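# build me a structure from this.
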Amino acid sequence: MVDAGQSAKTLNRPGLGKVLASLEAGEVEGVVILKLDRFTRSVRDLGHLLETYFQKNALLSVMEQTDTSTAGGRLVLNLLISVSQWEREVIGERTSAALQHKKSQGVKLGAPALSDEATLSRIKELRTQGLTLLKIGQVLSAEGYQTARGGSWGPSTLKKILDRSGA
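Numbers count the residues shown, from 1 in each chain. Prediction:
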């Protein structure tokens, strides 16, 4: 099974769910994974998986060359997952610190919702006419106005624009 594009920080993944269901049903006796950090990055989740699914079934990791059917394999697996979880947390801390630093220097974060003042003027004009945010979005689309990213004019986008402009 493959969980392409899914993060290993959660166990709520379709492919993993199918594998675990196969283990529970007794359809398979073990699971082979390529890399542990693609399986899970949480010490707690690994503990749950080992206790719930891999007491009687084998979990084999190709890259780390570990086998949970042995005490040594379980020890190595726990050490590796601890390092993996630490790495995920450090990346989060560094990212947060970098964004806070940029914010403190006055750098605006995120993509701009608008690309020009004419669009903002039209949004404000439509709002003063009493139109709902949904209706404003429909009018802007019909009139050919584009969001900064070329997306659709949703109510949340329009609310953000109005809030930022002080309207």
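# mind giving me the domain split of the protein?
Segmentation of the chain into domains, based on automatic domain parsing, reads 14-104, 117-165.
# quick one: low-confidence ranges for the protein?
1-2, 4-5, 111-115, 167 (pLDDT under 70).
# show me where it has its strands.
Under the criterion DSSP state E, strands of the chain are mapped to 30-33, 58-61, 66-67.
# in its sheet, what does the last one sit against?
Looking back up the chat, that one is strand 66-67. strand 58-61 (antiparallel) (DSSP bridges).
# pull out the buried positions in the strand it pairs with.
Across strand 58-61, burial judged by 16 or more other C-beta atoms under 10 Å covers 59, 61. Every C-beta, even on glycine, is put in place using the N, C-alpha and C of the backbone.
# so how far is that strand off the chain centroid?
Distance of strand 58-61 from the chain centroid (C-alpha atoms, centre = their mean, to the nearest Å) equals 26 Å.
# which residues touch it?
29-36, 39, 49-50, 53, 66-69, 77 (C-beta atoms under 8 Å, 6 or more residues apart in numbering).
# list buried residues within the residues you listed.
Buried among the contacts of strand 58-61 by 16+ other C-beta under 10 Å: 31, 33, 36, 39, 49-50, 53, 66-68, 77.
# which single one of those is nearest to residue 118?
For residue 118, the nearest member of the buried ones among the contacts of strand 58-61 is residue 39. The distance, counting by C-beta to C-beta, is 51.5 Å.
# tell me what the helix ranked longest in the chain is packed against?
Using DSSP state H to define each element, the chain has its longest helix at helix 71-104. On a contact count with 3 or more C-beta pairs under 8 Å, 6 or more residues apart in numbering; DSSP states H and E, helix 71-104 meets helix 36-39, helix 43-53, strand 66-67.
# and of the strands of the chain, who's closest to residue 16?
strand 30-33 (9.5 Å).
# show me what that closest one pairs with in its sheet, parallel or antiparallel.
When DSSP bridges is applied, strand 30-33 pairs with strand 58-61 (parallel).
# how about residues contacting stretch 12-26?
By C-beta under 8 Å, 6+ apart, the surrounding residues in contact with stretch 12-26 are 1-3, 6, 28, 31, 39, 49, 53, 57.
# what does stretch 93-102 give?
By C-beta under 8 Å, 6+ apart, stretch 93-102 touches residue 109.
# may I see the buried residues of it?
Buried residues in stretch 93-102 (16+ other C-beta under 10 Å): none.
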